[in-house]
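Q: no FASTA, just this:
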């Protein structure tokens, strides 16, 4: 720890003024809008996961079923 720590004193009137400014600066969302965004987010995650899984499966089948040169059964 440092020996000289600065302490800032905030007066009660300053505290209420900053709280009002912070609330007005932050755009509040309605609960329905927030829920829609969450559902959209999760839906996008699921879609991306499914696409990735399909591509991996497709690559595995292509690799497994790829034409291989026939060797003599010697």
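A: Received the coordinates, thanks. From a predicted model like this one, the values you see are computed outputs, not experimental measurements.
Q: Show me how far the longest helix belonging to the chain is from its chain's centre.
A: If you go by DSSP state H, the chain has its longest helix at helix 31-64. Put simply, helix 31-64 sits 13 Å off its chain's centre (C-alpha atoms, centre = their mean, to the nearest Å).
Q: Please shift the residue numbers so they start at 40 in all later answers.
A: Shifting the count to begin at 40 puts that one at helix 70-103.
Q: Against which helices or strands is it packed?
A: Applying 3 or more C-beta pairs under 8 Å, 6 or more residues apart in numbering; DSSP states H and E, we find helix 70-103 packed against no helix or strand. Every C-beta, even on glycine, is put in place using the N, C-alpha and C of the backbone.
Q: Retrieve the pLDDT associated with the residue nearest in space to the middle of the chain.
A: In the chain, the centroid-proximal residue (C-alpha atoms, centre = their mean) is residue 80; its distance is 7.9 Å. For residue 80, the pLDDT comes out at 95.
Q: go on, residue 101?
A: 88.
Q: What of residue 98?
A: The predicted local confidence for residue 98 is 92.
Q: Could you count how many residues lie near it?
A: 10 (other C-beta atoms under 10 Å).
Q: what's the spacing between it and residue 104?
A: Between residue 98 and residue 104 the distance is 11 Å, computed by C-beta to C-beta, to the nearest Å.
Q: what do you get for residue 46?
A: Distance from residue 46 to residue 104, by C-beta to C-beta: 71 Å.
Q: of these two, who's got more company?
A: Higher neighbour count among residue 46 and residue 104: residue 104, with 8 against 4, using other C-beta under 10 Å.
Q: Got phi/psi on that one?
A: phi -100, psi 10 (degrees, to the nearest 10).
Q: residues in contact with it?
A: By C-beta atoms under 8 Å, 6 or more residues apart in numbering, no residues touch residue 104.
Q: That one and residue 93: what is the separation?
A: 16 Å.
Q: Same question for residue 105.
A: Applying C-beta to C-beta, the value for residue 105 to residue 93 is 18 Å.
Q: Tell me which of the two has more neighbours.
A: Legend: neighbour count by other C-beta under 10 Å for residue 105 and residue 93, higher for residue 93 (10 against 7).
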